[in-house]
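Colleague: below: sequence and its predicted model.
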Amino acid sequence: MHSGLVAIPADIRSFEGYTWHASPDQYIMAAVTGSNVLPLIVPALAEGGDVDMVLDRVDGVLISGSRTNVHPSLYGEAETENHGPFDPARDRLSLALIRRTIERGIPLLAICRGIQELNVALGGSLATEIQDLPGRMDHRKPVTEDRDTAFAIRHTIKVKEGSCLASIVGDGEVRVNSLHRQAISKLAPRLAVEAVAEDGTIEAVSVIGAPGFAIGVQWHPEYWVGSDMISDKIFKAFGDAVRARHIRSDQAAE
Ligand SMILES: N[C@@H](CCC(=O)NCCCC(=O)O)C(=O)O
């Protein structure tokens, strides 16, 4: 029996002659096995959608990663060839969903593109092609066809003492994977840095003043749920928050 319903905003993809509203299986299965929740993929309608109609019916929101990037016009910057590829329908849905999820105090876990959308949704900005910036590591996905190699755990981050994330995985150094070309540049006012990489890249944030679980991570814990303790702890804590909200909702309905 799943402990709650979790919305996942879809990406728009085109293949086999169709346009699809889709989300990768690794996020779906991490939610099911790591959080014991039932994921619900929300279509990314071009004209936007009534996110409150979705949020009235779910107990949590999981924002997945994606190869596409948030359009730079959404954080006041001009588009260049270094910013693409884009998915405007995903942007529209995800940013609206994130803002209302936070306003309503619904548990939120944002992964990779998700932490970037969280930062933009709350007024921050992003840097692109960060591997070209002075002093930065190369955070991009390794060039490989092998998925386990692409998502391999490969660099150290430092979790801040006393942070929300530290209450879940402990503070200090942990090792994570890395598959991104962009990262947080200007931190949104309502976000607190929870972890950083050795080169200063922000690797995790939490929403200041959120009544419950509201965390974004730049890496991909979903991929190693079931075999990596950090990944398991993050998804279990998210599942516990979702379950608690579901129980409160049931009690309120009685
Ligand atoms: N596009 C953004 C976010 C990166 C991200 O979410 N990666 C997940 C997909 C990885 C893959 O399969 O290529 C960025 O590049 O920063």
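Modeller: Good, I have the coordinates. Numbers count the residues shown, from 1 in each chain.
Colleague: quick one, what contacts F86?
Modeller: 68-69, 71 (Cβ atoms under 8 Å, 6 or more residues apart in numbering). Backbone N, C-alpha and C define where each C-beta goes, glycine included.
Colleague: could I get those as TSV with pLDDT and distance to A210?
Modeller: Formatted as TSV, the contacts of F86 follow (pLDDT from 0 to 100; distance: Cβ to Cβ, whole Å):
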residue	pLDDT	distance to A210
T68	98	26
N69	98	25
H71	98	26
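Colleague: list just the nearest of these to the ligand.
Modeller: Set against the ligand, the nearest of the contacts of F86 by Cβ to the nearest ligand atom is N69 (4.7 Å).
Colleague: ok so, going back, can you lay out the contacts of F86 as JSON lines showing neighbour count and secondary structure?
Modeller: Shown next, in JSON lines, are these (neighbours: other Cβ atoms under 10 Å; DSSP: H, G, I helix; E, B strand; the rest coil):
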{"residue": "T68", "neighbour count": "17", "secondary structure": "coil"}
{"residue": "N69", "neighbour count": "21", "secondary structure": "strand"}
{"residue": "H71", "neighbour count": "18", "secondary structure": "coil"}
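Colleague: near the ligand, from those?
Modeller: When contact is defined as Cβ under 6 Å from any ligand atom, these meet the ligand at 68-69.
Colleague: can you pull the phi and psi angles for I215?
Modeller: Backbone torsions for I215, taken as degrees, to the nearest 10, come to phi -130, psi 140.
Colleague: going forward can the numbers begin at 15, since that is how I track them
Modeller: Sure, I'll start counting at 15 from here, so that last one is I229.
Colleague: so what's it scoring on pLDDT?
Modeller: The model reports I229 with a pLDDT of 98.
Colleague: count the residues that sit near it.
Modeller: Counted with other Cβ atoms under 10 Å, residues neighbouring I229 total 27.
Colleague: quick check: beta-bridge partners of the closest residue to it other than its chain neighbours?
Modeller: Distances taken as Cβ to Cβ, 6 or more residues apart in numbering place S220 nearest to I229, at 5.2 Å, with adjacent residues excluded. In this structure, S220 has the following beta-bridge partners (DSSP bridges): A206, I229.
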